[in-house]
Every structure is written in C-alpha cells, then in structure tokens.
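Enquirer: for reference, the sequence and a predicted model appear below.
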Amino acid sequence: MSTMQLISNGQNYSVERQAAGLYRVLSGDRFLGFVERAGSVYVALSGSRYDRAVEAGQALSLAAAVALLRSAQPERPVRSLTRALRSVA
C-alpha cells in the first residue's frame, strides 16, 4: 500500500491507498475516514469502518474530497445518545 502527503486548504493529510480507488485519510494521528473513487467523482466517507461509513459528500478531486472529511461531523453525538439510552434503561 502506498501513502502520500496531501495539502488541501492549508491542512496536511496522510492518504493511504487501500485498494484500487479506495483511500484511508488521516490528519496527524486522527483518522478521518475514507475516499472512494467512483468514475470521475471522489466520494468522501466518514467513519472508522469502511463497511459502516456514511457519505460526507462528493467532489471532483481527491483533495476536495479529503477536505470534506475534515468538515464532517464526528461520531461523538451518536455515542452520547447511546450512553443516554443505556442510562434510561
């Protein structure tokens, strides 16, 4: 697997190629998600697992798709809701 450094909107990202058309994206030591190439479009997928990742947006370049991941909502609200539901039960 190959890794490249990408700079988008003044931010540095580490992009690792997982498979043909699939990339893992990190910002420093923070994992942001995946980018999948679908024809001429790059689909930003937010989440720590590829099979459960949620689409954060689409872009015409890898750099723009990576920037979409940076602005995607973190998973924390879902986790806090899960904790709240457990405390009620």
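Expert: It's in.
Enquirer: so what's Gln5 bridging to?
Expert: Beta-bridge partners of Gln5, counted by DSSP bridges, are Ser14.
Enquirer: residues contacting it?
Expert: Gln5 is in contact with Asn12, Tyr13, Ser14, Val15, counting by C-beta atoms under 8 Å, 6 or more residues apart in numbering. Using the backbone N, CA and C atoms, a C-beta is placed for each residue, glycine as well.
Enquirer: could you save those as CSV and add columns showing neighbour count, pLDDT and distance to Gly47?
Expert: Output for the contacts of Gln5, formatted as CSV (neighbours: other C-beta atoms under 10 Å; pLDDT from 0 to 100; distance: C-beta to C-beta, whole Å):
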residue, neighbour count, pLDDT, distance to Gly47
Asn12, 11, 83, 21
Tyr13, 21, 86, 17
Ser14, 17, 89, 17
Val15, 20, 91, 16
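Enquirer: just those now: which is nearest Val43?
Expert: Closest approach between the contacts of Gln5 and Val43, by C-beta to C-beta: Val15, at 14.3 Å.
Enquirer: which of the three states applies to Ala63?
Expert: Under DSSP: H, G, I helix; E, B strand; the rest coil, Ala63 falls in the helix class.
Enquirer: pretty sure it is touching Met4, no?
Expert: No: using C-beta atoms under 8 Å, Ala63 makes no contact with Met4, being 10.9 Å away.
Enquirer: and the two? Which one has more around it.
Expert: A direct count of neighbours by other C-beta atoms under 10 Å for Ala63 and Met4 places Ala63 higher, at 16 against 11.
Enquirer: pull the most distant pair out of the contacts of Gln5.
Expert: Asn12 and Val15 (10.4 Å).
Enquirer: anything in contact with each of the two?
Expert: The contact lists of Asn12 and Val15 share Gln5, Leu6, where a contact means C-beta under 8 Å, 6+ apart.
Enquirer: can you show me the strands along this protein?
Expert: Remark: strands assigned in the chain by DSSP state E are 3-8, 11-19, 22-27, 30-38, 41-46, 54-59.
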